[in-house]
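Asks: have a look at this fold, sequence not included:
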């Protein structure tokens, strides 16, 4: 990128000819500037902010190491991002939707992020990077269910000899404790799911007396129907 005039350092068309001979070759022509100006920094602040919005946190960190002007520009961009009401709205939306089924990690992280968002006047550059990195967790679209709920199929849930519903103090909610079963089976149907890429996971807390209910040669089966 440069000004309207630049000085060619090689015969015209040579870079294009090399590309045609080897299309896989990545070669870029860098036009030398005629003065010490920086065309990027001469752009309006809205343009610079748009450019920064396409960069990862690692790329932003690398950019700050090029010069003090870029460092100042990135710092201002980070400050605007961390002060944005969109962060609080995103956090509130995630917590509201999954309030009853937040993990212990999410409960602790949410408390920490709320404290940072409420007191953002003297936040350091490192803290801003950390805040934005942790907020990526709340970009996920998740739909959680609990085996405590009747809509989730869980054999023997009403038989305390095999399965009991108990209060988990650490999570402050009810969980299912499996005492002894011949096999562990969980079933649930999500309605109205459109095309896309999805991931299904099951969170299980392993106790001291845990043992697999099947033999070594038997496999765990996952079945997905649509």
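Replies: That came in fine, so what should we check first? Just so it is clear, the structure is predicted and the values come from calculations on it, not from any experiment.
Asks: strands of this protein, start to end?
Replies: Applying DSSP state E to the chain gives strands spanning 163-168, 173-178.
Asks: now the ones you listed in TSV, with mean pLDDT and mean neighbour count?
Replies: All C-beta atoms are positioned from the backbone trio N, CA, C, and that covers glycine. Formatted as TSV, the strands of the chain follow (pLDDT from 0 to 100; neighbours: other CB atoms under 10 Å):
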stretch	mean pLDDT	mean neighbour count
strand 163-168	87	13
strand 173-178	87	16
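Asks: redo the ones you listed as TSV? Include distance to residue 59.
Replies: Shown next, in TSV, are these (distance: least, CB to CB, whole Å):
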stretch	distance to residue 59
strand 163-168	41
strand 173-178	40
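Asks: from residue 117, how far off is the residue nearest the centre of the chain?
Replies: With distances taken as CA atoms, centre = their mean, the residue of the chain nearest its centroid is residue 136 (3.5 Å). From residue 136 across to residue 117, the span is 15 Å (CB to CB, to the nearest Å).
Asks: now do the nearest residue to residue 138 once chain neighbours are set aside against residue 76, distance only.
Replies: Using CB to CB, 6 or more residues apart in numbering and skipping the chain neighbours, the partner closest in space to residue 138 is residue 94 (4.3 Å). Residue 94 sits 27 Å away from residue 76, going by CB to CB.
Asks: go on, residue 116?
Replies: In terms of CB to CB, residue 116 sits 18 Å off from residue 76.
Asks: and those two? Which one has more around it.
Replies: Each of residue 116 and residue 76 has its neighbours counted (other CB atoms under 10 Å); residue 116 has more, 18 against 14.
Asks: quick one: the helices in this structure?
Replies: 14-21, 45-53, 57-64, 68-83, 85-98, 104-118, 125-135 (DSSP state H).
Asks: list the buried ones in the second one?
Replies: Of the residues in helix 45-53, those with enough neighbours to count as buried (16 or more other CB atoms under 10 Å) are 48, 52.
Asks: can you name every helix or strand that it contacts?
Replies: Here helix 45-53 touches helix 68-83, going by 3 or more CB pairs under 8 Å, 6 or more residues apart in numbering; DSSP states H and E.
Asks: relative to helix 57-64, how tilted is the helix it packs on?
Replies: 150 degrees (axes from the mean of the first three to the mean of the last three CA atoms, to 10 degrees).
Asks: give me the contact list for helix 68-83.
Replies: With contacts defined as CB atoms under 8 Å, 6 or more residues apart in numbering, helix 68-83 is touched by 38, 41, 48-49, 52-53, 60, 63-65, 87, 116-117, 120, 123, 125, 128-129, 131-132.
Asks: go again with 6 Å.
Replies: Outside helix 68-83, the residues that touch it by CB atoms under 6 Å, 6 or more residues apart in numbering are 41, 48, 49, 52, 60, 63, 64, 120, 128, 131.
Asks: next, count neighbours for the closest residue to residue 143 other than its chain neighbours.
Replies: Nearest residue to residue 143 in three dimensions, chain neighbours excluded: residue 190, at 6.5 Å (CB to CB, 6+ apart). Other residues near residue 190 come to 10 when the count uses other CB under 10 Å.
Asks: separation between residue 190 and residue 145?
Replies: Applying CB to CB to residue 190 and residue 145 gives a distance of 8 Å.
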